[in-house]
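Participant: structure, please.
(one chain, ligands or ions: 1)
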Amino acid sequence: MIANFNYFMPSRILFGAGKLAELGSVALPGRKALIVIGAGGSIRRLGYLDRVVALLAQQNVASVVFDKILPNPVSEHVAEGAALARQAGCDFVVGLGGGSSIDSAKSIAVMAKNPGEYWDYIGGGSGKGRFPAGGALPIVAITTTAGTGTEADPWTVITKTATNEKIGTGWDCTFPVLSIVDPELMLSVPPALTAFQGMDAFFHAVEGYLANIANRASDYFALDAIALVAKWLPVAVADGGNLEARTAMAWANTAAGIVESLSCCISHHSLEHAISAHHPEVPHGAGLTMTSVAYFSKLAEKAPERFPAMARAMGEDVDSLPEAERPAAFIRALRRLIAAVGQADLTPATYGIPSAEAETIARNSIATMGGLYALNPAELTEAEVADIFRACYR
Ligand SMILES: [Zn+2]
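Facilitator: Here you go, the predicted structure:
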């Protein structure tokens, strides 16, 4: 029997190669945009910013650029961007780039319409958990990477540097009203970033499939994304100019974003947030990848039921195995995927993180992102999470 669930995914998504051009004709939610981009300079260098500004101008839409966003975006820049949006009279926000720029655009859109500090509206850690009653400026997401799925979900992840808190949050008002997913914009992402971003998308699908709120609708998107990543991410990493691979990964990422809207990530993401809150130089996808074999091996032991279907989606011949051996086929396929994208040797030691931090990281993950632990298919204690972290060094 199909169990009850809610379906809410209000973003208009323009998907496919060349779709950016439609920004010049699609209905836009305002007359003056704050365009939010990263501090690294690649969005300017690749000509994407000029194209977006020109396409908006075709519709007589003015724009102002905020270009300070860091790879692990911080709350100071949310406040600064929101002040600029208010001061310049922007009536919508465009996030252009990877997850950090789009997430920042979402949080800026909220703070442009609400008083106080961003952390007043954060539900975990030292946040005050207030509801942003003022709503948000409309958000347009133009994604140039296949990683966070943020173009198809309400979530935004921001770090408060002073307290080492990296927390995801979101409301109905932080779903983009319009998202453009054009794989031609992803052709120039370098191999290691392609791997980390693609693995992030993969884990959104895997975690959303394992979450205890997974449902019939999220399962379709999750298994499709898992199958596509297993097949196409190694190709996109080896040959970044392969548009077929980039398009498959772009959809896998957006599909996994829809999974995050209909289901949710579980505590694997809490664990990663704790690592990159203490070590902001660790890319999100790297933190997820380095902890994944240990994390999912533990879960496969405790709640094996949903693992065989994921292994099957990844091309494992699950049905020829005795039932007891089927969950482990997923771990085998996961190891194979990690090796195929060139990350077989990745551990926390790669970033100089000592295993002695296991307890600190386990404690932080529960204190800041404890909500996701409640969605795990089986309970994980703080001691077990510390054990998982220590096992990542093998
Ligand atoms: Zn993620």
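Participant: please name the nearest non-neighbouring residue to residue 259.
Facilitator: Distances taken as Cβ to Cβ, 6 or more residues apart in numbering place residue 208 nearest to residue 259, at 3.6 Å, with adjacent residues excluded. Where you see a C-beta, it was placed from the backbone N, CA and C, and this is true even at glycine.
Participant: for the chain, which segments are assigned as strands?
Facilitator: 12-15, 32-38, 62-69, 92-97, 139-143, 156-160, 165-169, 178-181 (DSSP state E).
Participant: which parts of the fifth one are buried?
Facilitator: By that I understand strand 139-143. For strand 139-143, burial by neighbour count (16 or more other Cβ atoms under 10 Å) applies to 139, 140, 141, 142, 143.
Participant: need the contact list for the last one.
Facilitator: Going back to what we said before, that points to residue 143. Residue 143 sits next to 97, 98, 99, 102, 150, 151, 179, 180, 181, 185, 250, 253 when contact means Cβ atoms under 8 Å, 6 or more residues apart in numbering.
Participant: how close does the first one sit to residue 70?
Facilitator: Which is residue 97. For residue 97, the distance to residue 70 under the criterion Cβ to Cβ, to the nearest Å works out to 12 Å.
Participant: looking at the two, which one has more neighbours?
Facilitator: Ranked by neighbour count (other Cβ atoms under 10 Å), residue 97 and residue 70 place residue 97 first, with 26 against 17.
Participant: beta partners of that one?
Facilitator: The partner list for residue 97 in beta bridges (DSSP bridges) reads residue 143.
Participant: make TSV out of the contacts of residue 143 and add pLDDT.
Facilitator: Supplementary listing: the contacts of residue 143 in TSV, determined by pLDDT from 0 to 100:
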residue	pLDDT
97	97
98	95
99	94
102	98
150	97
151	97
179	98
180	98
181	98
185	98
250	98
253	98
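Participant: what about the closest residue to residue 340 other than its chain neighbours, neighbour count?
Facilitator: With sequence-adjacent residues excluded and distances taken as Cβ to Cβ, 6+ apart, residue 340 is closest to residue 234, at 3.9 Å. Residue neighbour count, defined by other Cβ under 10 Å, stands at 19 for residue 234.
Participant: please apply the same query to the one 3 residues further on.
Facilitator: For residue 237, the count of nearby residues is 24 (other Cβ under 10 Å).
Participant: try residue 130
Facilitator: 15.
Participant: surely it touches residue 123?
Facilitator: No. Judged on Cβ atoms under 8 Å, residue 130 makes no contact with residue 123 at a distance of 9.1 Å.
Participant: rewinding a little: mind listing what the residue nearest to residue 340 touches?
Facilitator: When the contact criterion is Cβ under 8 Å, 6+ apart, the partners of residue 234 are 337, 340, 341.
Participant: try residue 346
Facilitator: 286, 289, 290, 338.
Participant: report pLDDT for the third one.
Facilitator: Here, the pLDDT recorded for residue 290 equals 98.
Participant: give me the distance between the closest residue to it other than its chain neighbours and residue 196.
Facilitator: Using Cβ to Cβ, 6+ apart and skipping the chain neighbours, the partner closest in space to residue 290 is residue 346 (4.8 Å). Taking Cβ to Cβ as the criterion, residue 346 is separated from residue 196 by 9 Å.
Participant: give me the common contacts of those two.
Facilitator: By Cβ under 8 Å, 6+ apart, residue 346 and residue 196 have these common neighbours: 286, 289.
Participant: no further questions, thank you.
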